[in-house]
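>>> got a sequence here, can you model it:
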Amino acid sequence: MECRGGKGSWCLGGSFLVLASGSSEEHKVSLCRKVFLFLILFHLFGAKTVIADTVSSPSCSRTDVQFAINSASTGDIVKVPAGTCEWTSKLVIDKAIILNGAGRGLSIIIDGEQARGEGLLKIISPARITGFTFKGKIGSTQDTRIIDVTGVFSDFRIDNCSFEDGYNAPTGNWSTSTAIYISQAYGLIDNCIFEDAAHEVIQVAGRSNSWMTGSTLGTRNAVYVEDCTFSFSLPSGDTGAAHAIMAGAGGRYVFRYNNLTHYNIDSHGYCGEALGGTRQYEIYDNVSSVDSGVTQARWMYIRGGTGVIFDNIMVTTGTLNDQINLTEHRIDRESCLGGCCCSYPCKDQIGRGTDQTSDPLYLRNNKVDDNDAVIEVTDYLNPSSCEDAGQCNQIQDALDFIQSGRDYILGQKIGYTAFDYPHPLTEDVPRPPYDLNVVPAQI
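Numbering: from 1, shown residues only. Now for the predicted structure:
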């Protein structure tokens with residue numbers, strides 16, 4: 001290998017030329033040498049080899065963990081030891097690092113009650129969080145969020161974590177409104193356990209131009225939730241309305257290979273969402289259940305956008321009121337953002353796609369106790385508050401706005417192929433140091 005410094009530092013070795021930029025000649029040559037080591041180890045040992053420094057936090061306290069993060073560089077691993085710590089202020093991850101706890105049930109973070117409008121832990125770069133248990137504060141009546149992922153980037157990952165105590169069953173109080181909130185970012189949530197985690201466990205909001213850009217079904221460009229377990233201690237006699245996942249504001253998500261007990265699956269429409277309804281969703285190969293003595297309001301609650309819903313299973317020994325419910329709130333809910341919708345199609349309704357063009361929802365092979373799931377198109381309010389408010393001079397009926405064969409189709413979506421499973425982010429593919437450009441050598 002030959003390396004040279006100067007304005008355009010480079011190293012030549014084998015069939016690769018590595019170009020580097022940086023603040024000093026020593027920095028640039030060092031980066032060149034690092035990437036050659038990266039390429040050699042990747043070639044010899046494969047994707048599981050990761051070149052990174054490790055920064056160890058002395059404890060799980062927020063102050064110690066934040067200091068360790070601030071001391072780390074992009075690509076480093078920040079290790080947090082076992083322990084139980086209560087955080088009362090926000091922790092920020094602003095670089096692509098791995099925040100690595102000692103494991104579920106070992107590194108335990110309790111959300112200290114406080115007034116705040118964002119997550120206890122905020123991710124603003126493609127970081128990974130793994131090996132933690134996050135708990136709400138039992139007895140708290142304040143709705144809070146645990147993790148916020150915010151920004152236009154891809155490849156964040158939250159895995160092998162557990163989220164607990166967001167709901168206090170004896171009192172019926174929620175101490176956590178949302179376990180994980182994602183805005184604009186794409187990435188992966190996998191192998192996590194959510195036990196009474198939140199009223200709306202995962203929320204997905206999209207990018208500002210989401211409704212103006214084309215479909216990304218079957219691609220990496222979405223928030224993926226896979227191989228997770230969701231369970232909610234729904235009190236006997238309480239129909240509940242807790243969501244394992246919900247989206248709006250142009251959100252795009254894939255929800256697959258998950259297990260749910262007493263949680264439903266949701267997509268919001270335009271009502272109440274300034275940036276619009278859910279843009280698209282892929283919901284498949286999930287298993288849900290309702291236990292004996294429990295009444296669950298619904299299995300799926302779809303209110304907007306388009307996508308595919310297939311090969312899902314619901315098993316009931318209790319009572320399930322509605323199975324797959326399709327609706328449009330703005331036809332009979334005067335309080336919705338933008339008021340009532342009085343003519344077809346409604347903005348961002350079921351079966352709408354890019355720039356509000358027709359793009360039907362496809363459903364197939366969804367089963368409840370071995371029977372085909374019942375798909376119901378229902379009004380949200382009856383009688384309609386839109387009629388009472390005098391905004392629509394007609395009787396509004398959901399069946400006029402959401403029709404089989406036009407807005408949703410029972411069958412397979414031609415040309416659709418599901419994205420790779422498991423998600424490629426689970427392969428831990430190492431990344432070269434930033435500031436490097438690796439190109440085939442032509443010298």
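>>> quick one, strands of the stretch 301-443 of the chain?
306-310, 313-316, 319-326, 361-364, 367-368, 371-372, 375-377, 408-410, 436-440 (DSSP state E, counting those that start in this stretch).
>>> any chance of TSV for those, columns mean neighbour count?
Glycine gets a C-beta too; all of them are placed from N, C-alpha and C. Formatted as TSV, the strands of the stretch 301-443 of the chain follow (neighbours: other C-beta atoms under 10 Å):
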stretch	mean neighbour count
strand 306-310	24
strand 313-316	18
strand 319-326	19
strand 361-364	21
strand 367-368	16
strand 371-372	10
strand 375-377	17
strand 408-410	16
strand 436-440	12
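>>> next, format the ones you listed as JSON lines and append mean pLDDT and distance to I180.
Shown next, in JSON lines, are these (pLDDT from 0 to 100; distance: least, C-beta to C-beta, whole Å):
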{"stretch": "strand 306-310", "mean pLDDT": "98", "distance to I180": "20"}
{"stretch": "strand 313-316", "mean pLDDT": "98", "distance to I180": "24"}
{"stretch": "strand 319-326", "mean pLDDT": "95", "distance to I180": "24"}
{"stretch": "strand 361-364", "mean pLDDT": "98", "distance to I180": "25"}
{"stretch": "strand 367-368", "mean pLDDT": "98", "distance to I180": "28"}
{"stretch": "strand 371-372", "mean pLDDT": "98", "distance to I180": "32"}
{"stretch": "strand 375-377", "mean pLDDT": "97", "distance to I180": "29"}
{"stretch": "strand 408-410", "mean pLDDT": "98", "distance to I180": "28"}
{"stretch": "strand 436-440", "mean pLDDT": "41", "distance to I180": "32"}
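>>> please produce a markdown table containing the ones you listed, extended by distance to L106.
Below are these laid out as a markdown table (distance: least, C-beta to C-beta, whole Å):
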| stretch | distance to L106 |
| --- | --- |
| strand 306-310 | 37 |
| strand 313-316 | 32 |
| strand 319-326 | 37 |
| strand 361-364 | 42 |
| strand 367-368 | 38 |
| strand 371-372 | 43 |
| strand 375-377 | 44 |
| strand 408-410 | 46 |
| strand 436-440 | 35 |
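>>> wait, which of those strands is closest to E427?
Shortest distance between E427 and the strands of the stretch 301-443 of the chain, using C-beta to C-beta, is found for strand 436-440: 19.4 Å.
>>> distance from the chain centre to stretch 203-210, please.
Mean C-alpha position of stretch 203-210 versus that of the full chain (C-alpha atoms, centre = their mean, to the nearest Å) differs by 11 Å.
>>> quick one, which of the strands of the stretch 301-443 of the chain gets closest to F163.
Of all these, strand 313-316 comes closest under C-beta to C-beta, at 23.0 Å.
>>> follow-up on the earlier one: right, so of the strands of the stretch 301-443 of the chain, which gets closest to G293?
Here strand 319-326 is closest among the strands of the stretch 301-443 of the chain (C-beta to C-beta), at 8.9 Å.
>>> contacts for stretch 360-371 next, please.
Residues from elsewhere that reach stretch 360-371 (C-beta atoms under 8 Å, 6 or more residues apart in numbering): 299, 302, 305-316, 320, 323-324, 326, 350-351, 372-375, 406-413, 416.
>>> which one of the strands of the stretch 301-443 of the chain lies nearest to D155?
D155 lies closest to strand 436-440 among those, at 17.4 Å (C-beta to C-beta).
>>> now do the end-to-end distance for stretch 291-305.
For stretch 291-305, the first and last residues are 31 Å from each other (C-alpha to C-alpha, to the nearest Å).
>>> which is the next helix or strand following the host helix or strand of R157?
Taking DSSP states H and E as the criterion, R157 maps to strand 156-159. Downstream of strand 156-159, the first helix or strand assigned by DSSP H and E is strand 162-164.
>>> ok, that following strand: who's next to it in the sheet?
strand 133-135 (parallel), strand 193-195 (parallel) (DSSP bridges).
>>> can I get those in TSV with mean pLDDT, distance to D332 and mean neighbour count?
Formatted as TSV, those follow (pLDDT from 0 to 100; distance: least, C-beta to C-beta, whole Å; neighbours: other C-beta atoms under 10 Å):
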stretch	mean pLDDT	distance to D332	mean neighbour count
strand 133-135	95	38	24
strand 193-195	96	33	21
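>>> dump those to CSV, plus distance to V201.
Listed next are the strands paired with strand 162-164 as CSV, based on distance: least, C-beta to C-beta, whole Å:
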stretch, distance to V201
strand 133-135, 12
strand 193-195, 5
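>>> looking at the ones you listed, which is nearest to K95?
strand 133-135 (20.9 Å).
>>> and the following helix or strand past the closest one, what does it pack against?
Using DSSP H and E, the next helix or strand after strand 133-135 towards the C-terminus is strand 145-150. In terms of contacts (3 or more C-beta pairs under 8 Å, 6 or more residues apart in numbering; DSSP states H and E), strand 145-150 is packed against strand 119-123, strand 156-159, strand 178-183.
>>> list the neighbouring strands of the second one plus their orientation.
Strand partners for strand 156-159, identified by DSSP bridges, are recorded as strand 128-130 (parallel), strand 187-190 (parallel).
>>> what sits up against it?
Outside strand 156-159, the residues that touch it by C-beta under 8 Å, 6+ apart are 123, 125-130, 147, 149, 180, 185-192, 425-426.
>>> mind running it again at 6 Å?
123, 126, 128-130, 149, 185, 187-191, 425 (C-beta atoms under 6 Å, 6 or more residues apart in numbering).
>>> how about the helices in the stretch 301-443 of the chain?
385-388, 398-401 (DSSP state H, counting those that start in this stretch).
>>> make that the stretch 151-300 of the chain, sorry
Counting by DSSP H, counting those that start in this stretch, the stretch 151-300 of the chain contains no helices.
>>> low-confidence regions, it specifically.
For the stretch 151-300 of the chain, the stretches flagged by pLDDT under 70 are 167-175, 235-241, 272-273.
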